[in-house]
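A.B. asks: Sequence below, structure please.
(one chain, ligands or ions: 1)
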Amino acid sequence: MSSNIQLIFEKGNNAEQQNYVPKMDIDEINLDKIIPEKLLRNELPIPNVPEIDIVRHFIKLSNKTYGVDTGIYPLGSCTMKYNPKINENIVRLLGFTNIHPLQEENEGSLELLYHFSILLGEITGMDGFTLQPAAGAHGELVGLLIMKKYFENKQTKKQKIIIPDSAHGTNPASARMAGFSIIELQSNKQGEVPLDQLKFAMQDGDVAGIMLTNPNTLGVFDRQIKEITRIVHEHGGLCYYDGANLNPMLGICRPRDMGFDIIHLNLHKTFSTPHGGGGPGSGPIGVVTELIPFLPEPCLISTKLGVVCRENNDKSIGRVKAFWGNFGVIVRAYAYILALGAEGLRKVGQIAVLNANYVRVLLQVNYDLPYNRICQHEFVISDRNMPNEVSTDDIAKRILDYGIYAPTIYFPLIISGAMMIEPTETESKQSLEYFVEVMNKIYEEAKQDPEILKKAPHNMPVKRLDAVLAARNPILHD
Ligand SMILES: Cc1ncc(COP(=O)(O)O)c(C=O)c1O
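C.D. replies: Sure thing, here's the model as predicted:
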């Protein structure tokens, strides 16, 4: 990275300087009796800098990062919505931070986890949940392992999964990891699953089921969804719902009512917990009653004695994460759901759809919309009609110069030069209009001064990178 910020560990090595690191005031322990000598270091290069320099160093770094607290973050498929600060206060209550899952007095936390599962059940219609998976993709893997075990238990080994080409990339990856091979369905002109192809694929007796997100990554709600799940069930398959796109569906329709048997949710998207950079996340799995015995363990069930922990059921796929999952993420999501209530959640879904459609209609004046129909929480534009061969990459880099994070680019793969835009419900009308204004300015620049786009960004700490070289040979500091 070309930046003028020194690493904190390179600072303060001047011997003349005052010594800011306090002397040890406890008896030295003879560490080499406890730790093998070859694992011990003789030097500990703690930076010799005063507190104020450390604070300035990290504040400078934090000013170079971008997040939902900095500005609009229209990253399609990621639901980067505002994370209410009150949820941060709640998760920091000492009752939550000062406990350990192995201590005995943790009934309150177990009660919270159990009640949270009940709420997820109400929202989605599913009968049982595990909260263990640490991300959406982890949830997918767990859900597919449940599917696999279900068929093994029926002594019918099924090896294939149907996945439409509009699926999130993690779907086929998870299916492969769970040991399935993939039958890909090509979306039709409306961006939906072609029923004739689905019926044909289901003739193959080796198919375990379908994996589907609805709305899909084009932001399109598949109107044939009940017919799709009916066809799969009719042939003895199971239906897996990638619930990462649940945000616009909240309080409006439920995956169970669409006919799904297994679902995962992304708490870090739909239920507004902080995420980015790969985590921390939470991807609970919900299942119908028939599949509850296969859930990972331990799992919480309600009895007359209160919430108890079920373990050692030989049908279970086993443990998939330490303890109960990412507890802090779950507490934040729980607070979010309780604060909004049923009406509030419904409004979340409605405004997410309204905001996306508002931006879609304003952008269609200058930008190509390959699937231009009422969308759900997101939609996809492309660089097809851009003047002077300006590409999606150029547009995405130039957006940064205007102080906005770029949409998801070159995904979904079925649209060449895709830009996937998801404004979310937490952006104001002014903020949405600012985004459109920037996009329109960029279009004008493409006509009049394309070089400015091709060399963008101009005022970021990191300029245009050779993306291929950077991926293969990253230089992580000066
Ligand atoms: C539709 C869809 N499925 C699955 C995932 C994977 O979720 P995660 O990134 O938490 O693994 C995402 C992530 O954005 C997604 O948008």
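A.B. asks: so residue 80 is in which element?
C.D. replies: Using DSSP states H and E, residue 80 maps to neither a helix nor a strand.
A.B. asks: residues contacting it?
C.D. replies: Contact partners of residue 80, counting by CB atoms under 8 Å, 6 or more residues apart in numbering, are 68, 73-74, 275-276, 405, 422, 424. No exception for glycine: its C-beta is placed from N, CA and C like everyone else's.
A.B. asks: quick one: which two of those are the most distant?
C.D. replies: The most widely separated members of the contacts of residue 80, counting by CB to CB, are 74 and 275 (15.4 Å).
A.B. asks: So for stretch 255-267, what gets flagged as buried?
C.D. replies: Within stretch 255-267, the residues scored as buried using 16 or more other CB atoms under 10 Å are 255-256, 258-267.
A.B. asks: To what extent is the residue of the stretch 101-250 of the chain found nearest the ligand buried, counted in neighbours?
C.D. replies: Using CB to the nearest ligand atom, residue 136 is the residue of the stretch 101-250 of the chain that sits closest to the ligand, at 2.3 Å. Residues lying near residue 136 (other CB atoms under 10 Å) number 25.
A.B. asks: What does the pLDDT read for it?
C.D. replies: Looking at residue 136, its pLDDT is 94.
A.B. asks: out of residue 74 and residue 275, which sits in the busier spot?
C.D. replies: Neighbours per residue (other CB under 10 Å) separate residue 74 from residue 275, with residue 74 holding more: 28 against 22.
A.B. asks: Now do the strands in the stretch 351-478 of the chain.
C.D. replies: Secondary structure of the stretch 351-478 of the chain by DSSP state E, counting those that start in this stretch: the strands cover 379-382, 408-409, 418-421.
A.B. asks: The first one - contacts with which helices or strands?
C.D. replies: In this case it means strand 379-382. In terms of contacts (3 or more CB pairs under 8 Å, 6 or more residues apart in numbering; DSSP states H and E), strand 379-382 is packed against helix 327-363, strand 418-421.
A.B. asks: what does the helix or strand hosting residue 96 contact?
C.D. replies: In the assignment (DSSP H and E), residue 96 maps to helix 94-97. With CB under 8 Å, 6+ apart as the test, helix 94-97 has contacts from 90-91, 108-109, 327-328, 331.
A.B. asks: any idea which helix or strand comes after it?
C.D. replies: As assigned by DSSP H and E, the chain's next helix or strand after helix 94-97 is helix 107-124.
A.B. asks: Specify the angle between that following helix and helix 327-363 in degrees.
C.D. replies: Angle between the axes of helix 107-124 and helix 327-363 is 30 degrees (criterion: axes from the mean of the first three to the mean of the last three CA atoms, to 10 degrees).
A.B. asks: what about helix 107-124, distance to the chain center?
C.D. replies: Between the centre of helix 107-124 and the centre of its chain there are 21 Å (CA atoms, centre = their mean, to the nearest Å).
A.B. asks: what does stretch 100-113 give?
C.D. replies: On the basis of CA atoms, centre = their mean, stretch 100-113 sits 27 Å off its chain's mean C-alpha point.
A.B. asks: Tabulate the CA atom coordinates of it in CSV.
C.D. replies: Output in CSV follows, covering the C-alpha atoms of stretch 100-113 (Å, rounded to 0.1, in the frame of the first residue of the first chain):
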residue,chain,number,x,y,z
HIS,A,100,-18.7,-17.7,29.9
PRO,A,101,-20.7,-20.4,28.1
LEU,A,102,-19.3,-23.1,30.4
GLN,A,103,-20.4,-21.4,33.6
GLU,A,104,-23.5,-22.8,35.3
GLU,A,105,-25.4,-19.6,35.9
ASN,A,106,-26.2,-18.8,32.3
GLU,A,107,-29.9,-19.6,32.1
GLY,A,108,-30.6,-16.0,31.1
SER,A,109,-28.4,-16.2,28.0
LEU,A,110,-29.9,-19.6,27.0
GLU,A,111,-33.3,-18.1,27.5
LEU,A,112,-32.3,-15.3,25.1
LEU,A,113,-31.0,-17.7,22.5
